[in-house]
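K.L.:
take this sequence and fold it.
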Amino acid sequence: MSSMLSTSLKRNVAKHYLDDGANEEESDEVQVLFEIEADPHRYDSIKPFANITHFSQFPEECEVLFMVGSIFRVTEITNDKQLPIVKMELRSDDDNDLKAIFDILRSEYGEQEMEKSNHASMNSFGTVLLNMSRFNMADKFFRRIYHETPIDDPKRANYCKNIGDVALNIGHYEKSAQWYMQALKIHEKDGTVDQLSAAKLHLSMGSFYRYTKQRRRALDSYNKALTIYRNNFGENNSKAAMCYHNIASQFERRKYYSQSIEYLQKALDIAENVLPESHPNLITYHL
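P.N.:
A predicted model of the protein is given here:
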């Protein structure tokens, strides 16, 4: 959760706010009532929450405030007279069934690098925004880092790639290609370029070629990324699984169905081996 969450101990108060919102213009959004179970006697690493009734301007609302960064697990979804009820539990990222997922996410977003550099921290935050489809905000973060980074710093290639990723996601293919080419030039110019950064660039370029129906080039880019990941991490890693899955999709589009099935199976085997059972990306490999 990325903001403070105001709740009430009284169900009728929460439904009152829902009724107020029901008079607004029709949209595709659906009103939902959340029921939260939170243990006040739990003192581990859950984010704090508090009953602030005595400090509130409206004490009759019995307000409970949850801190920024609180983690909730959805336990059940029901309907009450066509109103969706989402039941959740307040959880900690140290809970055994969540810890493995958070460890993988921290690795993917480069938490270790975030501790070393403000730019790396902003870059990781921009990546989170990109994955949340907050494209305008992500673009602003990436461009700021790009312009603040010295022109001879090879890390500018990463920021070029990320700006290209934003452009690709909003359908600006020509602009994304320009940023990817700029990143590629930096990689080719700098002999000490990080191989993992190069792999990420090949993945992005593969996606660009896929969207623009340049399937042979897409296949080449995905294979280049796969080679780098296998050389650095071996066969069993989540990035290799992603590459196999992407390659399989290109084989399918070119009607090479047996090769597609072979690579899909490789992707699934690796993903099931390296990802926790509750990891959200696992469903991708079962589709």
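K.L.:
where do the strands sit along the protein?
P.N.:
For the chain, the strands defined by DSSP state E cover 5-8, 33-37, 49-51, 63-66, 71-80, 83-91.
K.L.:
for the longest one, list every residue counted as buried.
P.N.:
Within strand 71-80, the residues that count as buried by 16 or more other C-beta atoms under 10 Å are 71-72. The C-beta positions use only the backbone N, C-alpha and C, and glycine is treated the same way.
K.L.:
residues making contact with it?
P.N.:
If you take C-beta atoms under 8 Å, 6 or more residues apart in numbering as the criterion, strand 71-80 is touched by 1, 33, 36-37, 46-47, 84-93, 98.
K.L.:
among these, name the buried ones.
P.N.:
33, 36, 46-47, 87-88, 90-91, 93, 98.
K.L.:
Leu90 is in contact with Asp39, correct?
P.N.:
Yes - if you go by C-beta atoms under 8 Å, Asp39 and Leu90 touch, sitting 7.3 Å apart.
K.L.:
partner residues bridging Leu33?
P.N.:
Under DSSP bridges, the beta-bridge partners of Leu33 are Ile85.
K.L.:
so who does it touch?
P.N.:
The neighbours of Leu33, taking C-beta under 8 Å, 6+ apart as the test, are 11, 14-15, 18, 80, 83-86.
K.L.:
dump these to a markdown table, plus pLDDT.
P.N.:
Formatted as a markdown table, these follow (pLDDT from 0 to 100):
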| residue | pLDDT |
| --- | --- |
| Arg11 | 90 |
| Ala14 | 89 |
| Lys15 | 87 |
| Leu18 | 81 |
| Asp80 | 82 |
| Leu83 | 87 |
| Pro84 | 92 |
| Ile85 | 93 |
| Val86 | 94 |
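K.L.:
tell me the one among these nearest to Leu203.
P.N.:
Lowest distance from Leu203 to the contacts of Leu33 (C-beta to C-beta) belongs to Val86, with 34.2 Å.
K.L.:
using a markdown table, lay out the buried ones among the contacts of strand 71-80 together with distance to Phe66 and pLDDT.
P.N.:
Listed next are the buried ones among the contacts of strand 71-80 as a markdown table, based on distance: C-beta to C-beta, whole Å; pLDDT from 0 to 100:
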| residue | distance to Phe66 | pLDDT |
| --- | --- | --- |
| Leu33 | 16 | 92 |
| Ile36 | 8 | 94 |
| Ile46 | 10 | 78 |
| Lys47 | 7 | 79 |
| Lys87 | 15 | 94 |
| Met88 | 11 | 93 |
| Leu90 | 7 | 90 |
| Arg91 | 12 | 84 |
| Asp93 | 15 | 61 |
| Leu98 | 17 | 58 |
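K.L.:
now, the most widely separated pair of those?
P.N.:
Largest separation among the buried ones among the contacts of strand 71-80 by C-beta to C-beta: Leu33 and Asp93, giving 25.6 Å.
K.L.:
report the buried residues of stretch 34-43.
P.N.:
Under the neighbour-count criterion of 16+ other C-beta under 10 Å, stretch 34-43 has 36, 38 buried.
K.L.:
residues in contact with it?
P.N.:
Stretch 34-43 has contacts (C-beta under 8 Å, 6+ apart) with 7, 14, 49, 64, 66, 72, 75, 85-90.
K.L.:
please repeat the previous calculation with a cut-off of 6 Å.
P.N.:
Residues outside stretch 34-43 that contact it (C-beta atoms under 6 Å, 6 or more residues apart in numbering) are 49, 86-90.
K.L.:
now the two most distant members of the residues you listed.
P.N.:
Phe49 and Val86 (17.5 Å).
K.L.:
roughly how far is stretch 132-143 from the heart of the chain?
P.N.:
With C-alpha atoms, centre = their mean, to the nearest Å as the basis, stretch 132-143 stands 13 Å off its chain's centre.
K.L.:
list the buried ones in it?
P.N.:
Buried positions in stretch 132-143, judged by neighbour count with 16+ other C-beta under 10 Å: 138-139, 141-142.
K.L.:
may I ask which helix or strand of this structure has the lowest mean pLDDT?
P.N.:
Every helix and strand in the chain was compared by mean pLDDT, DSSP states H and E; the lowest is helix 111-116, with a mean of 46.
K.L.:
reformat the buried residues of stretch 132-143 as CSV; add pLDDT and distance to His202.
P.N.:
Below are the buried residues of stretch 132-143 laid out as CSV (pLDDT from 0 to 100; distance: C-beta to C-beta, whole Å):
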residue, pLDDT, distance to His202
Ala138, 89, 21
Asp139, 93, 22
Phe141, 87, 23
Phe142, 92, 19
